[in-house]
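In: Could you work out the structure for the sequence below:
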Amino acid sequence: MMDHQFILVDFLVKHFSGTLSQADMQALQKIFEDDPTLREQWERYTSQGLRSSDAEFWDRLDLDQARAKILNYTSAKPAKRPLHTRGMRRLKIYAGLAASLLIFLGVAWFLNSAPQDKQIVADQVYRYNNDVLPGGQKATLTLSNGKTIALSDEQTTIEETHGEQLQIVDGQLHYKPNSGQVELASLKNTLKVPESGFYRMVLPDGTKVWINSASELSYPLDFGKSTRNVELRGEAYFEVAHEKNRPFIVSTTHGDIKVLGTAFNLTAYSNTASNVTLINGSIQLTNKNNTTKQIVPGQKVEFDGSVMRVSQANIEKETAWQHGYFYFEHDQIQDIMEQLARWYDIQVIYKGPISKKKFGGSMSRSVSLAEALELIKRGAGLEFEIDRKTVTVKNKN
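Out: Numbers count the residues shown, from 1 in each chain. Down below sits the predicted model:
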């Protein structure tokens, strides 16, 4: 019933914000048939509204922090959640309301260890001796002639050796290829995003790319006539410009992804298996053993040199980083800390045996490290210590 509780919160948010549709009401009726107790909760909360004291609390709390509350699952494997594609902007806007409603509903897996007085997270950050600021928009660009340029979000124009122009507009790198006689397809640039960074760019064909922390994208100054080839190490989200006769190919350590025009998220860090999630369109994946597989929108493929595993994807989870959020679902603390390590550029040390419980929830990537750890601490039963750029994780005494 955890899934129904979570979905009911979403519908309550829509109800209080005036965005509940007829289709939503039909879906609610089906939920009520499966679990009549939820109908009672729905009628109780829609009739009485929000308590004024709770409304005042959530007004005080930054919406990003409210959204950042961590949901604590039991270690038992829960029922499979349906695919959710809720808009991240709407989630951000109604974050405080959703968190408040979860408390009203008494969802057992929500902040089991949260104090009754709902102490604001920011008030607890003082417990940490030092803090680490979140990452931001930054990258370095290595040009075809070997020159390296530090990029930011400031508007500027960079001219390459062969006359093509690189412009930074609204924090996004754009290419304007030179129409001269120089063959640019054989010349490559490399965009490198460090830990604690991310960057956006538009490739010469109009393809949009969002590049996550600790990632590299290599690409030609202009694409050839038959294919559009790039190389990725790390994670990136692609919105590929459609060209029927010129496929777009992304090469990774574990295989190649071939598309015509589509949107997908690709994770290809060197120390883990790679995975690709298809948002729309179609892709063909070929691993290093020349095994080929096609997937449909909403599917995810995990692959390495020899094995490919297809599963249903949670689009919201896979693309949350692109919208400025962390999203955790049935993740152990080691998985969560791995994401934090890339974003805050920290080293993580585990002291003693660590619980294997799994957690879920989301939080803004704009909070400081101390704020993030305080949020996780409330549901995880763990203690964290920050020493410069090193975080020690241990069980609570």
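In: shaky segments in the stretch 151-300 of the chain?
Out: Across the stretch 151-300 of the chain, the ranges flagged by pLDDT under 70 are 153-155, 159-164, 177-185.
In: what's the neighbour count on Asn145?
Out: Other residues near Asn145 come to 10 when the count uses other C-beta atoms under 10 Å. No exception for glycine: its C-beta is placed from N, CA and C like everyone else's.
In: ranges for the strands of the stretch 201-350 of the chain?
Out: Counting by DSSP state E, counting those that start in this stretch, one finds strands in the stretch 201-350 of the chain at the ranges 208-211, 215-220, 228-239, 248-251, 255-259, 263-268, 274-280, 283-287, 292-295, 299-303, 308-312, 325-332, 347-350.
In: between these, which gets nearest to Gly18?
Out: Between Gly18 and those, the shortest gap by C-beta to C-beta is with strand 325-332, which sits at 24.2 Å.
In: Note down every partner strand of the closest one and its orientation.
Out: strand 358-364 (antiparallel) (DSSP bridges).
In: helices or strands up against the helix or strand that the strand it pairs with is followed by?
Out: Per DSSP states H and E, the first helix or strand lying C-terminal to strand 358-364 is helix 369-380. Counting contacts by 3 or more C-beta pairs under 8 Å, 6 or more residues apart in numbering; DSSP states H and E, the secondary-structure elements packed against helix 369-380 are strand 70-72, helix 333-344, strand 358-364, strand 382-387.
In: Mean neighbour count added to the strands of the stretch 201-350 of the chain, as JSON lines?
Out: Supplementary listing: the strands of the stretch 201-350 of the chain in JSON lines, determined by neighbours: other C-beta atoms under 10 Å:
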{"stretch": "strand 208-211", "mean neighbour count": "21"}
{"stretch": "strand 215-220", "mean neighbour count": "21"}
{"stretch": "strand 228-239", "mean neighbour count": "22"}
{"stretch": "strand 248-251", "mean neighbour count": "20"}
{"stretch": "strand 255-259", "mean neighbour count": "22"}
{"stretch": "strand 263-268", "mean neighbour count": "23"}
{"stretch": "strand 274-280", "mean neighbour count": "22"}
{"stretch": "strand 283-287", "mean neighbour count": "21"}
{"stretch": "strand 292-295", "mean neighbour count": "16"}
{"stretch": "strand 299-303", "mean neighbour count": "20"}
{"stretch": "strand 308-312", "mean neighbour count": "15"}
{"stretch": "strand 325-332", "mean neighbour count": "20"}
{"stretch": "strand 347-350", "mean neighbour count": "14"}
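In: Can you tell me which of those is nearest to Ser21?
Out: Shortest separation from Ser21 across those is recorded for strand 274-280, at 22.3 Å, computed as C-beta to C-beta.
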